[in-house]
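Visitor: What shape does this take:
(2 chains)
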Amino acid sequence: MRRPTRDTAQSQRKITRRGLILGGAQAGFVGLLALRMRHLQVEQADQYRLLADENRINIRLIPPARGRIFDRNGLVVAENIPSYRITMVREEAGDIDEVIARLARLIELDEAELESALEDLKELRGDTPVTIADRVSWEAISRVAVNTPSLPGVTPEVGLSRHYPLAADYAHIVGYVGPVSDRDLERIDAPDALLLIPRFQIGKIGLESRREDLLRGYAGTKRVEVNAAGRVMRELDRREGQAGADVQISVDNKLQTYVSARLEGESAAAVVIDCDSGDLLACASAPSFDPNLFVRGISVADYNALLENQYRPLPNKAVQGIYPPGSTFKMITALAALEDGQIDVNETVYCPGHLEVSNRRFHCWKRAGHGNVNLHRSLRESCDVFYYELALRTGIEKISAMAKRLGLGVPHELPMTSVAAGLAPTKDWKLASKGEEWVIGDSVNSAIGQGFVLASPLQLAIMTARLATGRAVSPRLVKSVDGVDQPTGHGEPLGLNENNLREVRKAMFAVSNNRRGTGYGSRIIADAFRMAGKTGTSQVRNITAAERARGVTRNADLPWNRRDHALFVDFAPFDNPKVAVAVVVEHGGGGSRAAAPIARDITLQALYGEDPPLDAYPAKDRARIRDLQERLRRRRPGSGTDGSDRA
Amino acid sequence: MSYLEYTVKTTPTGPRKVLFFNWGLIVLLTAVACVGFLMLYSVAGGSFSPWAEPQMKRFALGLGVMFFVGLVPIWFWRNMSVVAYLASILLLLAVEVVGIEGKGAQRWIDLGFMRLQPSELMKITLVMLLAAYYDRLPMARTSRPLWVLIPVLLILLPVVLVLRQPDLGTSILLLCTGSLVMFLAGVHWSYFAAVIATGIGTVTAVFQSRGTDWQMLANYQYKRIDTFLDPSSDPLGAGYHITQSKIALGSGGWTGRGFMQGTQSRLNFLPEKHTDFIFTTLAEEFGFLGAFSLLCLYVLIIVFSISTALSNKDRFSSLLILGVAVTFFLFFAVNMSMVMGLAPVVGVPLPLVSYGGSAMLILMLGFGFVQSAHIHKPR
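Guide: From the prediction side, this is the model:
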């Protein structure tokens, strides 16, 4: 087909015209693009450069290393160990299930941990790193590191985690750390930015919690370049923070491990105080638990086991357990009466085995009675009637005041959790808290440390130290911070009549060293280290008149939690007191039988600084003691070490 | 002038044809492709894999296709237009059946060695068919309603098919390309005025339909338009692309941050940094000078094409060359507008620079036609 030339020429003109129009339009649009380019890249360049930097530069906190904790000889009690964990970022991982399946072929993954991680992966923002496996071994982390190309979004990370090498022995003193919880954050007014770091560990109980201020340190900062997924590409600069202070505690590890071992099998607590400085040389509550479990995040099963244990491993019985002090309170009643002039040291009171007070009969533990007793004998043989009489003469207010002077019923400042104030009751206290008038029977009960009187083992040890020294010895747990010694608890003189104190001490000496003393069975025979003590047996149930008529049920025949608490306090050496000891065995029965041997062993251990020679013990006990020492040595693997672990 | 007027004497034959290629155009295309290799090398962090090397191979293949198509006489291609158009329509229909889901849209047919996007192919075959149509249509009938309706239907058929995939960007490009070829062919301007008026009406309708049960677009398409209108409304979600892209462009400044020094692309803030958003990397690393230079290269390609077209007396050839130039122009104009925040984010690659097989091969095919028309033009 051939078209006329005219048509061709016409169409050619048209196309040329339209082509040029279009070309012009295109040129116009290109001009617009160029202007836009100029606008963005030249006029607003600075603004966008800033935005680009904001994009890529992140300021990150550098968590400080937590301060370490040492015993008084420099042995590590709490340290930071490298902890390896594996994190995953959803956005980078792509197919999560596939990546996790590959990971599971390389290392073992904990089912429960994985489940909660998967939940987090689903719920949290796609660029948040989620921990898939915590506390993995070095081998596992290297295997992951080698295989990262096939594991998109998976990062092996290194951090520091708290570790307690001595595990259960310090659980109650030092406590433990754990990840910051929402409750922790609510509690704190202006939270340190550090606390917002996921899994940042803070002290939860004990020294770790109470001296968080010293141990935490200050965060450093670093500026890092991150990619769009938030992964750090390189570090631009950093400002170092300050590591937490190293804290040395007053506890002597050798003694502490011995005490823990000695209490094993009982629900008990023991406190050893240095009479000069007030240092807590040992402070144990049995049974204990492994604080490392809590650092890791304790399993429900383990936690329930701890909660359901009737011996209650979790609370620190040494400072937060409060018990009726029983006969260990008698020194206070005696001193109150002596100081008030209500009784003379030689004055005797007749004990028929009971005392009638306002139509109520108060019994002495010895049904047949002690006959005529003076102060010395009343303490030595722990006559109750004598103290009933003193209570009637002296009155509760003076007894309560004396108790507070000696450290009972008042709070002591110690960096431990729930340090109990105990109770030294007064008339006002009863009216205020119970809405009832004080009756004379209350005074009678209080005089022998029953009724309302409550004291912790710590307070009993303080009381004993104050009796032994005549000074207001106060307890000290933190010995030094970053090498700077902290003030001691040496204490000012109590202002008590020295003669009265001497009488009481002599009587306590007789408790342990007189053939008729209630603690004679658990005496020390090494001359240089003789001790002065006092037994205590505190009732946890009321003995009815009917039961008394039948004959009081023996402790061994009662269910465990209805038996009496056994208590013993002592100081030694008698002539030059170095240590004061208090032992409480919950539902242990009689103080002389259950608590005194433990207290004696602990005292000797504290005085010798190691296992004492057998000739410090009474001859007939030696065979038994040797066996016990053998057994306890095996239980304490670390007992051979001294301060050589010093960091 | 029809092919009957070509004579063996005036048309180069055999190996001599090589001398008659528009070599300036080839040099320009290669220059643009080299910019692409450089940027792909850069976004891969200084590596030829995974993008630069396959891209080079594809460009080599594309050059081969262009030479081959260029050596075949233009009248052969004109006679093939209807077949090519029908084949493209069939492929588009095939995508409906066996297409591979990619980014929420059915777009590809997997051919084994590459993934073919029939909608890309359609851009060229539609131009071919329209050029052939107007070549045959006597000038006098060009603006008659019936003869206007036929090309309109020929355009709308693939547009509707592509829209169903759904691929809004490509369907709009097809519509624009087709209309512009009609405009070039000389259809009376009043039709275009009417269409533009209708278009504005349609856009209004599309927005009005939103949220009702006769909603005309997919939600993600609405969202993209929203984000375009106000990217800051969702800086981490849908607006992320545009925001990050503008930051990358802007932070380049006059001279850029240096080759392989762009933090936005290096640190993965840029989405699709090797495909649709590769221009941002160029702009970030080479600044305004680099970006403007690329724009100039593109403009030169368009200028060369238009001059080639206007110097050709064959109606089919002129229209085809202009159509290819328009397609090429729309590619880079839409892509650049998109990354600079002037247009919604629709999946349009930067021609010859973005990583991707289909678009590059189709463009090289188009330039093959340009070369063929140039070699075999009536002299």
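
Visitor: Let me see the domain layout of chain A.
Guide: What automatic domain parsing lists as the domains of chain A is A:58-247, A:253-635.

Visitor: Could you identify which of the ones you listed is most buried?
Guide: domain A:253-635 (a mean of 20; mean count of other C-beta atoms under 10 Å in any protein chain shown). All C-beta atoms are positioned from the backbone trio N, CA, C, and that covers glycine.

Visitor: The strand or helix carrying B:L180 and chain A in contact?
Guide: Counting by DSSP states H and E, the element that carries B:L180 is helix B:168-185. Yes. Judged by C-beta under 8 Å from any C-beta of the partner chain, helix B:168-185 comes into contact with chain A through B:180, B:183-185.

Visitor: and whichever helix or strand comes after that helix, which residues are buried?
Guide: With elements assigned by DSSP H and E, the helix or strand that comes after helix B:168-185 is helix B:189-209. Buried positions in helix B:189-209, judged by neighbour count with 16 or more other C-beta atoms under 10 Å in any protein chain shown: B:Y191.

Visitor: Read off the pLDDT value for whichever residue of the stretch 301-450 of chain A sits closest to chain B.
Guide: Closest approach between the stretch 301-450 of chain A and chain B, counting by C-beta to the nearest C-beta: A:Y303, at 39.6 Å. For A:Y303, the model assigns a pLDDT of 91.

Visitor: Secondary structure class of it, three-state.
Guide: Reduced to three states with DSSP: H, G, I helix; E, B strand; the rest coil, the structure at A:Y303 is helix.

Visitor: And it, how far from A:P313?
Guide: Separation of A:Y303 from A:P313 (C-beta to C-beta, to the nearest Å) stands at 11 Å.

Visitor: One more: B:V299?
Guide: Taking C-beta to C-beta as the measure, B:V299 falls 82 Å from A:P313.

Visitor: With B:N312 instead?
Guide: Using C-beta to C-beta, one gets 97 Å for the distance from B:N312 to A:P313.

Visitor: which residue packs closest to A:I96, ignoring adjacent ones?
Guide: When the adjacent residues along the chain are set aside, A:I96 lies closest to A:L121, with 6.0 Å between them (C-beta to C-beta, 6 or more residues apart in numbering or on different chains).

Visitor: Also B:F328?
Guide: Take B:F328 and drop its neighbours on the chain: the residue closest to it by C-beta to C-beta, 6+ apart is B:P351, 5.8 Å away.

Visitor: My guess is that neighbour contacts B:L330. True?
Guide: No. In this structure, B:P351 sits apart from B:L330 without contact. The criterion is C-beta atoms under 8 Å, and the distance is 9.3 Å.

Visitor: So for these two, which residue has more residues nearby?
Guide: Neighbours per residue, other C-beta atoms under 10 Å in any protein chain shown: of B:P351 and B:L330, the larger number sits with B:P351, 24 against 21.

Visitor: give me every residue that touches that one.
Guide: B:P351 makes contacts with B:32, B:298, B:328, B:331-332, B:335, B:359-360, B:363, as judged by C-beta atoms under 8 Å, 6 or more residues apart in numbering or on different chains.

Visitor: same deal with B:G186?
Guide: Applying C-beta under 8 Å, 6+ apart, we find B:G186 in contact with A:11, A:14-15, A:18, B:134, B:139, B:142-143.

Visitor: One more: B:I172?
Guide: By C-beta under 8 Å, 6+ apart, the contact set of B:I172 is B:V346.

Visitor: Same question for the one 3 residues further on.
Guide: The contact partners of B:L175, by C-beta under 8 Å, 6+ apart, come to B:155, B:159.

Visitor: pLDDT at it, what is it?
Guide: B:L175 is assigned 91 on the pLDDT scale.

Visitor: all helices in the stretch 151-300 of chain B, in order from the N-terminus.
Guide: For the stretch 151-300 of chain B, the helices identified by DSSP state H, counting those that start in this stretch occupy B:168-185, B:189-209, B:219-229, B:240-252, B:263-266, B:278-310, in order along the chain.

Visitor: buried stuff in the fifth one?
Guide: Using 16+ other C-beta under 10 Å as the burial criterion, the residues of helix B:263-266 that qualify are B:263-266.

Visitor: for the closest residue to chain B within chain A, what are its contacts?
Guide: Closest contact between chain A and chain B, by C-beta to the nearest C-beta, is at A:Y48 (2.4 Å). With contact set as C-beta under 8 Å, 6+ apart, A:Y48 has these partners: A:40, B:246-251.

Visitor: Quick check: nearest residue in space to it, chain neighbours excluded?
Guide: Looking at A:Y48 with C-beta to C-beta, 6+ apart, the closest residue is B:G250, at 2.4 Å.

Visitor: Many thanks, we can stop here.
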